[in-house]
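pasted the sequence and its predicted model underneath.
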Amino acid sequence: MMNEDSAPSDGGLPIAAVERETGIPKDLLRMWERRYGFPQPARDAAGDRLYSAEQVGKLKQVRRLMDLGFRPGKLVGQSMAQLEALAQTHTPARVVPDVCAGLIDALSGHDALAVRELLRHRLFELGLRHFVCDFLAAANQLVGEAWMRGELRVHEEHLYSEEVKRVLRETLAGIPAGPQSPRVMLTTCPGELHLIGLLMVEALLRLAGCDAIAFGAQMPLSDIASAARKHRVDVVVLSFSAAYEASPQADAALLDSLLPDGVELWLGGSGCRGLKRLPPRATLLTLERLDACVSLWRELHPPAIAV
């Protein structure tokens, strides 16, 4: 029996193909259909969704604008012409930093090994700290902007993400667990799939000698609190991308009420821009401020002196 994830039909694209084309998860497409009335796919004889080329084009433009920080609720009701005008106004011109030379060409060449070798070469050349703070910070922005301008397709952006995660995990596997406090738990809330930012933070925490524990993506808030208690962590780091659909502020407030006493909450990522009211134990985190946050924590929590 055919289902919604089947091959493309002459009447439109099935939902799995739309997810691949736009980078928007299937569950989110269904939720937008219920909440906003867009997209409105047709149905085939089996009742499965089929999305027209016009809807797929609009979804791609919505996704690009979401990556610029726009919320989907303010986008889906606009016409394609209005969306294109917004994108043209807000998409930055292409500027390739010297450290990122060759990256877009490698991604466009559809050679995963070439992308991986470019990343490894930059890592060897710069060292882990500068690879994270200088190269990846610039490369993430460059790739995101290239996608917004239509210079890269979704599969090329995904290739970049997967190869970065692969290289970072290979590198982190060779660094012994840090012996020093704080013990830091890294994860994301349900609906947040992006992990590169967390891996970048983990790398810097490892270099600072911290005991960093990665829990992957999409942990329910109650499970985050439970894991923090069972693993006796000192800090929970959450990452929010600009595409995060829920409210980072509301999630942080709820998690703050669930965490054990004494556990701090560090929030980072582009989805945190503009947050004004933070829970009492929450701190906004950037790569530039990470070392200072670790130093301050250690200053406020000196190790006990054995008698």
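It's in. Model, not experiment: these values are computed from the prediction.

the closest residue to residue 149 other than its chain neighbours: neighbour count?
Sequence neighbours aside, residue 91 is the residue nearest to residue 149 in space, at 5.7 Å (criterion: C-beta to C-beta, 6 or more residues apart in numbering). Every C-beta, even on glycine, is put in place using the N, C-alpha and C of the backbone. By other C-beta atoms under 10 Å, the residues close to residue 91 number 17.

in this structure residue 91 contacts residue 147, no?
No: at 10.0 Å, residue 91 and residue 147 do not qualify as touching, with contact defined as C-beta atoms under 8 Å.

circling back: do you know how far the residue nearest to residue 149 is from residue 100?
Distance of residue 91 to residue 100, given as C-beta to C-beta, to the nearest Å: 18 Å.

moving C-terminal from the lowest-mean-pLDDT helix or strand in the chain, which element do we reach first?
Every helix and strand in the chain was compared by mean pLDDT, DSSP states H and E; the lowest is helix 80-90, with a mean of 84. Note on helix 80-90: by DSSP states H and E, the next helix or strand toward the C-terminus is helix 103-108.

gap between the very next helix or strand once past that following helix and the chain center?
Sequence-wise, the next helix or strand downstream of helix 103-108 (DSSP H and E) is helix 112-126. Per C-alpha atoms, centre = their mean, to the nearest Å, the displacement of helix 112-126 from the mean C-alpha position of its chain is 21 Å.

circling back: what helices and strands are in contact with the least confident helix or strand of the chain?
With contacts taken as 3 or more C-beta pairs under 8 Å, 6 or more residues apart in numbering; DSSP states H and E, helix 80-90 sits against helix 53-67.

wait, residue 272 sits on residue 282?
No: at 9.8 Å, residue 272 does not count as touching residue 282 under the criterion of C-beta under 8 Å.

wait, what's in contact with the closest residue to residue 243 other than its chain neighbours?
Nearest residue to residue 243 in three dimensions, chain neighbours excluded: residue 66, at 4.9 Å (C-beta to C-beta, 6+ apart). By C-beta atoms under 8 Å, 6 or more residues apart in numbering, the residues touching residue 66 are 72, 75, 242-243.

do you know the pLDDT at the spatially closest residue to residue 271 that is not a sequence neighbour?
Nearest residue to residue 271 in three dimensions, chain neighbours excluded: residue 240, at 3.2 Å (C-beta to C-beta, 6+ apart). Listed pLDDT for residue 240 reads 91.

please begin residue numbering at 34 from this point
Okay, using 34 as the starting number, the last item reads as residue 273.

elements contacting the longest strand along the chain?
Longest strand in the chain by number of residues (criterion: DSSP state E): strand 213-220. With contacts taken as 3+ C-beta pairs under 8 Å, 6+ apart, strand 213-220 sits against helix 229-240, strand 243-247, helix 254-263, strand 268-272, helix 320-333.

parallel or antiparallel, list what pairs with that strand.
If you go by DSSP bridges, strand 213-220 pairs up with strand 243-247 (parallel), strand 268-272 (parallel).

any figure for the gap between residue 246 and residue 292?
15 Å.

no no, residue 175
In terms of C-beta to C-beta, residue 175 sits 36 Å off from residue 292.

so which elements touch the helix or strand where residue 284 lies?
If you go by DSSP H and E, residue 284 is part of helix 281-291. Contacts defined by 3+ C-beta pairs under 8 Å, 6+ apart place helix 281-291 against helix 254-263, strand 268-272, strand 297-301.
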